[in-house]
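Enquirer: heads up, no residue letters with this:
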């Protein structure tokens, strides 16, 4: 079992890792894809840079720094986090256990191109299969997505109903072989969605070819799982779309911390790095107590 798993390899996550590794904590950093910082062409307002640097270059430097100290940085997509005395982090490649976890996933903005989505939020549209799957027992449901995370969410619904429709919305699938095998248990619909329809509650989806698919629930799993996704599943207190933390960067779930854009506030590299350092100190204290 690892002492600490850090989810997210942006400035908050990498900053935290530098401190936890130097405190002799067995630390693994897991991240997938590029965050907002990687898209920054020039960074000029960060302390210590004599010349402008791209966001991607800064991130790669941080990864090398963590690895030089003996930390592991894994490029894997996190699909799920559960707690049963310890935290289990599931990725598309395997599972990892840790005493303490840091959510530093950033705040990705995923715009799902489906008309009517906002209109039926809370009235059939959901972002958490763990939270709302129970309400759709033996009823027709849908999941929109195209990757391993979406298949993982759809798989959870199979515990409640065998009437699961997987909508790719016209996108090409990006799946591992394990996910493709799971997908065979569902109805896969590749035709783009024109709109959601219904009255007081969701009635279903209308496709671009005018077909109507009746549904009682429509679960959004578009793109990668975010900190908010994990927060909903673990019952973490939220402040709007941001994770609520205290002065130690601790969430309402013992042993679970959060830092960076995922907690809201001033979205700057310097702020994320500082929050990562504060979270690291708190995680080190917590992990040492749990070791004992």
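Expert: All right, it came through fine. Because the structure is predicted, anything quoted here is derived from the model rather than measured.
Enquirer: Give me the contact list for the lengthiest strand in the chain.
Expert: Looking across the chain with DSSP state E, the single longest strand is strand 95-103. Identification of contacts with strand 95-103 by CB atoms under 8 Å, 6 or more residues apart in numbering yields 1-8, 12-13, 16, 28, 30, 81, 86-89, 227, 230-231, 243, 251, 255-259, 262, 276, 279-280, 283, 286-287, 290-291. Glycine gets a C-beta too; all of them are placed from N, C-alpha and C.
Enquirer: now, which of these lie within strands?
Expert: Per DSSP E, the contacts of strand 95-103 map to strands at 2-7, 28, 30, 81, 87-89, 243, 256-258.
Enquirer: As a check, name the ranges of all helices in the stretch 101-250 of the chain.
Expert: 129-132, 148-157, 177-183, 227-234 (DSSP state H, counting those that start in this stretch).
Enquirer: Can you say which of the contacts of strand 95-103 are buried?
Expert: Buried members of the contacts of strand 95-103, counted by 16 or more other CB atoms under 10 Å: 2-8, 12-13, 16, 28, 30, 81, 87-89, 227, 230-231, 243, 251, 255-259, 262, 276, 279-280, 283, 286-287.
Enquirer: does residue 252 really touch residue 244, like I thought?
Expert: Yes: using CB atoms under 8 Å, residue 252 makes contact with residue 244 at a distance of 7.0 Å.
Enquirer: Mutual contacts of the two, please.
Expert: With CB under 8 Å, 6+ apart as the test, residue 252 and residue 244 both reach 236-237.
Enquirer: Looking at this structure, which helix is longest?
Expert: helix 269-291 (DSSP state H).
Enquirer: Show the average pLDDT along that helix.
Expert: The pLDDT scores in helix 269-291 average 96.
Enquirer: tell me the angle of it relative to strand 95-103?
Expert: 130 degrees (axes from the mean of the first three to the mean of the last three CA atoms, to 10 degrees).
Enquirer: which regions of the chain sit below the pLDDT cut-off?
Expert: The model of the chain has pLDDT under 70 over residues 108-111.
Enquirer: Kindly recompute the last result at 80.
Expert: Counting by pLDDT under 80, the chain shows low-confidence ranges at 33-36, 38-42, 107-111, 130-131, 223-226, 228, 240-241.
Enquirer: which ones are touching the residue lying closest to residue 192 once chain neighbours are set aside?
Expert: The shortest distance from residue 192 to any non-neighbouring residue, by CB to CB, 6 or more residues apart in numbering, is to residue 170 (3.9 Å). By CB under 8 Å, 6+ apart, residue 170 lies in contact with 190-192.
Enquirer: and if we set it to 10 Å?
Expert: 113, 146, 189-193, 207-208 (CB atoms under 10 Å, 6 or more residues apart in numbering).
Enquirer: Please report the distance of the residue sitting furthest away from the middle of the chain from residue 182.
Expert: Here the chain reaches farthest from its C-alpha mean at residue 50, the gap being 34.2 Å by CA atoms, centre = their mean. Using CB to CB, to the nearest Å, we find residue 50 at a distance of 51 Å from residue 182.
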